[in-house]
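Undergrad: Provided below for reference: sequence and predicted model.
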Amino acid sequence: MLNELTQLVRDVDGAWAAAIGGLDGLLVEGHSAAEVSLDLLVAEHAGLLRAASDAYAMVGGGAARELYIRGEQLSVFLQPVNAEFFVLLALDSRANLGQARLYARATAQQLAGEL
C-alpha cells in the first residue's frame, strides 16, 4: 500500500501527501513529503466524508463518490475505496485537480482488493 501512495504523490503535480484512511477516522497507511500529521488530516476528513455521504443519502443522491476541499494553503481530495476506506491526497495551490482525480481513482481501484 505504501508503494501505491508514494507513486500517487509522484504522479500528481502539486501533491505532497497521500494516505489511506478509514471512515472511522483512523490512518491505515500514509506517505508525506512534508512534516504534517496525516493522522489528523485523516481523522478530520473522515468526518467530512461521512457527513457528505449522509447528506447525499438523505436526499436520495447515494453515496459520495469523491470530495474536494480547497483552502488557502491546503487542498484535499478524497476518493472512497469502498464502504470503509478512502484515499486522501493532500495538494498545494499549484496542484492539478484533473490528475488528482484520475490517479486517485486508479489508486483506489488498485487498493480495493487489499482493503
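TA: Right, received. Where do you want to start?
Undergrad: mean confidence score for the helix or strand hosting Q109?
TA: According to DSSP states H and E, Q109 maps onto helix 97-112. For helix 97-112, the mean pLDDT works out to 95.
Undergrad: what packs against it?
TA: Contacts defined by 3 or more CB pairs under 8 Å, 6 or more residues apart in numbering; DSSP states H and E place helix 97-112 against helix 2-11, strand 15-22, strand 75-80, strand 85-91. From N, CA and C alone the C-beta is placed, and that goes for glycine too.
Undergrad: Kindly list the longest helix within this structure.
TA: What stands out as the longest helix in the chain, according to DSSP state H, is helix 38-58.
Undergrad: residues of it that come out buried?
TA: For helix 38-58, a neighbour-count test (16 or more other CB atoms under 10 Å) marks L38, L41, V42, A43, H45, A46, L49, A52, S53 as buried.
Undergrad: contact partners of it?
TA: With CB atoms under 8 Å, 6 or more residues apart in numbering as the test, helix 38-58 has contacts from 17, 19, 21-27, 30, 32, 61-64, 67, 69, 76, 78, 80, 86, 88, 90.
Undergrad: got the angle for it vs strand 85-91?
TA: Interaxial angle, helix 38-58 versus strand 85-91 (axes from the mean of the first three to the mean of the last three CA atoms, to 10 degrees): 120 degrees.
Undergrad: What lies in contact with stretch 86-105?
TA: Here stretch 86-105 has contacts from 5, 8-9, 11-23, 32, 36, 38, 41-42, 45-46, 49, 66, 68, 73-81, 107-108, 111, using CB under 8 Å, 6+ apart.
Undergrad: what kind of secondary structure is D13 in?
TA: coil (DSSP: H, G, I helix; E, B strand; the rest coil).
Undergrad: With that, I have no additional questions.
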